[in-house]
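>>> I would like to see how this sequence folds:
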Amino acid sequence: MMEHAPTSLVTVGTGAAGVDWIKDFIRDVPDFPKPGVVYKDITPLLGDGKAFSRTVDALAEGVPRGRIDKVVGIEARGFILAAPVALRLGAGFVPVRKAGKLPSSVTSQTYSLEYRSDTLEIHTDALAAGERVLIVDDVLATGGTAAATTALVRALGGEVAGVACVVELAFLGGRGKLGGLDAVCLVTY
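Below you'll find the predicted structure:
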């Protein structure tokens, strides 16, 4: 990958200015996970220490104003991003996992993706009523995963402060499923 000069990471409403370099670290994988889908692979971004750190900083800088008590990461790549964002914000980290992966009492939500349906779960004691939550994932595509996670947070009494993702696939219309929530996506396709 190319070496990039430091960039100002000032966020503006629905995205971030000065982070187009992120696209240099995103690989297109055609026909994955099924024919006709072009998968946006962020593993090259995660594998470059400097780019990964700058991406985490950009996500943390893009959060809505006010306190964030918990950062919820969506399995699996959302975990990779949400945990360091939580550290940057001085907040706790909460995993939202696929069905059957959490060891204690859970609340579940089923949702549709662009090519299948799935179920997400959160521990019932993961959030206290009134806690402000930032939801973090790698990609905002159809919005099903983010909307399901929003429903889980609200079911536990949490207040969703916003959603932060590295990539938005705007042509899939996922932002429309977020019910007006502030969604910060660093790069858009």
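
>>> give me the pLDDT for T142.
T142 is assigned a predicted lDDT (pLDDT) of 90.

>>> and P33, by the same measure?
89.

>>> burial measure for it, as a count.
Applying other CB atoms under 10 Å, we find 10 residues neighbouring P33. All C-beta spots, glycine's among them, are computed from the backbone N, C-alpha and C.

>>> packing partners of whatever helix or strand V96 lives in?
V96 is part of strand 92-98 when elements are defined by DSSP states H and E. Here strand 92-98 touches strand 70-74, helix 77-89, strand 117-123, going by 3 or more CB pairs under 8 Å, 6 or more residues apart in numbering; DSSP states H and E.

>>> got the angle between the very next helix or strand once past it and strand 92-98?
Toward the C-terminal end, the helix or strand that comes next after strand 92-98 (DSSP H and E) is strand 106-112. Counting by axes from the mean of the first three to the mean of the last three CA atoms, to 10 degrees, strand 106-112 lies at 60 degrees to strand 92-98.

>>> name the strands paired with strand 106-112 and say parallel or antiparallel.
Strand 106-112 has the following strand partners under DSSP bridges: strand 117-123 (antiparallel).

>>> in the strand it pairs with, what counts as buried?
Of the residues in strand 117-123, those buried by neighbour count under the rule 16 or more other CB atoms under 10 Å are L120, E121, I122, H123.
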